[in-house]
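**Q** Just need the structure, nothing else, for what follows:
(one chain, ligands or ions: 1)
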Amino acid sequence: MKLHTRIGIGLGLGVAAGLLVNALDLDAGRAVLVALDPVGTAFIRLITMVVIPLVVASLVVGTASLGDVRRLGRIGGRTVALYLSTTAVAVTIGLFLSQVVRPGSRISAETRDQLSQAFAGEAAKKVSLAAEKPGLKDVLLDMIPSNPFASAADGELLPLIFFAIAFGAALSLVATDRRRAVLTFFEGVNDAVMVLIDWIMRLAPYAVFALTAGVTARFGLDVLRSLMVYALTVVAGLALHAFGTYSVLVRVFARLDPRDFFRRIAEAPLVAFSTSSSNATLPVTMETAEEDLGISPEVSSFVLPLGATINMDGTALYQAVAVMFIAQIYGVALGPAEQLTIVLTATLASIGAAGVPSAGIITLVLVLQSVGLGAHTAEGIALILAVDRILDMTRTAVNVTGDLACAACVARGEGEKLIPHPVDHPLRLGGKGAEA
Ligand code: ASP
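**A** Numbers count the residues shown, from 1 in each chain. Predicted structure coming up:
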């Protein structure tokens, strides 16, 4: 059985087990499922463990083998253009759906007050975290690391990406024998990390079960009922974007059959859904891109780490719906000018959000403030917090799918053939190719 099928089964069983103990209110069952948390945490730690070595090694090798720094500029330009335009489309879908469904007008004042009281403390924490967010100037300056090792130690991807690209570009100008020595080292690191990922992914079906069962078992189903229309609006928007926008994108620009595309990449969004983190999923995303879509390491090593940090269509779409929902609840009318502001700020906020769980709800504060909802920020956030985890899982799956869709388009733009070709590295024993 293919790995993504096993992960899918793990996910389905996890959700079913969680829902069952929740619906029957089985305390013992809930305790058992929650006790499985360490299995999920161990998996997240293992997969996060390889992110930094993978990003550095693959980017250095990728940049040094591009051969021409101008090519890097072209790939970078296309990548950023695709990322920004797909995010703007995502926000527009979110705005459109929230006008049609008007989820905010389907909630009673009583439920509203109950929810904002129950989650007031947690919401205040998120708002204060948002206040610590640096401004645009600092965000840009922070991309330049004063110490790349410190960035690596802190898991900061953007400055590390900056350093690895600069280093790789410089390396391509160094005398051949010395360049070869350094490249061989990083190629070895890259290969070893890929083997590690294969090993870690064997745990994925069990980890995904533990992660989703724990979340669903803890989940307050009553709250879901009162926020059902809002949650469904977000999920419908995400589905529309994932299966609509990306299908068009991969068909037109990557010339791939969308169904084949989704079947091949399934592993990455499944892991993203379970971990709620684009960063933690990055190794799986990169492996999927290279082995299942046939994207070259030169393109994937650049496009995907950047995507995990700055391309978050799901997050931006969710923020658009959340802002409209909060505005509708508090009776604040948002006209075309405010909606345009939402397109801009939600796009920027999703770029600023880190690829970690709940990052999107923190940068949502900035979007709320930009359209004059600052006075309702804390209550508004408190209102939607109850269902945030489940929406975080869904939007992260879309974020990662968006990264892969754009990567396929960029690779095709570079003249790459993409699938199908036999996978597996000659040096790697027992990889996916051996299993299929
Ligand atoms: N969890 C999301 C991600 O990692 C970010 C967010 O929307 O909270 O992509």
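**Q** same for the helix or strand containing Val271, what does it pack against?
**A** Assigned by DSSP states H and E, Val271 falls within helix 267-275. With contacts taken as 3 or more C-beta pairs under 8 Å, 6 or more residues apart in numbering; DSSP states H and E, helix 267-275 sits against helix 3-23, helix 37-49, helix 204-218, helix 278-287, helix 388-413. (Each C-beta comes from the backbone N, C-alpha and C, glycine too.)
**Q** tell me the mean pLDDT over that helix?
**A** Averaged over helix 267-275, pLDDT sits at 97.
**Q** okay, the angle between it and helix 204-218?
**A** 40 degrees (axes from the mean of the first three to the mean of the last three C-alpha atoms, to 10 degrees).
**Q** which residues sit against helix 267-275?
**A** 3-4, 7-8, 11, 14, 40, 43-44, 47, 201, 204, 207-208, 211-212, 278, 280-281, 284-285, 288, 292, 357, 393-394, 396-401, 404 (C-beta atoms under 8 Å, 6 or more residues apart in numbering).
**Q** Low-confidence bits of the stretch 1-150 of the chain, can you list those?
**A** 67 (pLDDT under 70).
**Q** can you pull the contacts of His376?
**A** Per C-beta under 8 Å, 6+ apart, neighbours of His376: 326, 330, 332, 368.
**Q** Can you pull the residues of the protein lying near the ligand?
**A** 276-278, 312, 315, 353, 355-360, 392, 395-396, 399 (C-beta under 6 Å from any ligand atom).
**Q** Near the closest residue to the ligand within the stretch 151-300 of the chain, how many residues? Count them for me, please.
**A** Per C-beta to the nearest ligand atom, Ser278 is where the stretch 151-300 of the chain lies closest to the ligand, at 3.5 Å. For Ser278, the neighbour count with other C-beta atoms under 10 Å is 34.
**Q** tell me the contacts of the residue nearest to it when sequence neighbours are not counted?
**A** Once flanking residues are discounted, Ser278 sits nearest to Gly355: 3.2 Å by C-beta to C-beta, 6 or more residues apart in numbering. When contacts are counted by C-beta under 8 Å, 6+ apart, Gly355 touches 157, 277-282, 308-309, 312, 396, 399.
**Q** Which of the helices or strands spans Gly355?
**A** Per DSSP H and E, there is no helix or strand for Gly355.
**Q** any idea which helix or strand comes after the helix or strand where Asp138 lies?
**A** Taking DSSP H and E as the criterion, Asp138 maps to helix 136-142. Scanning forward in sequence from helix 136-142 by DSSP H and E, the next helix or strand is helix 148-153.
**Q** okay, that next one in PDB with CA atoms only?
**A** The C-alpha trace of helix 148-153 is given here as PDB (Å, rounded to 0.1, in the frame of the first residue of the first chain):
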ATOM      1  CA  PRO A 148      23.700  32.600   9.900                       C
ATOM      2  CA  PHE A 149      24.500  30.000  12.700                       C
ATOM      3  CA  ALA A 150      22.300  31.900  15.100                       C
ATOM      4  CA  SER A 151      19.500  32.000  12.500                       C
ATOM      5  CA  ALA A 152      19.900  28.300  12.100                       C
ATOM      6  CA  ALA A 153      19.900  27.700  15.800                       C
END
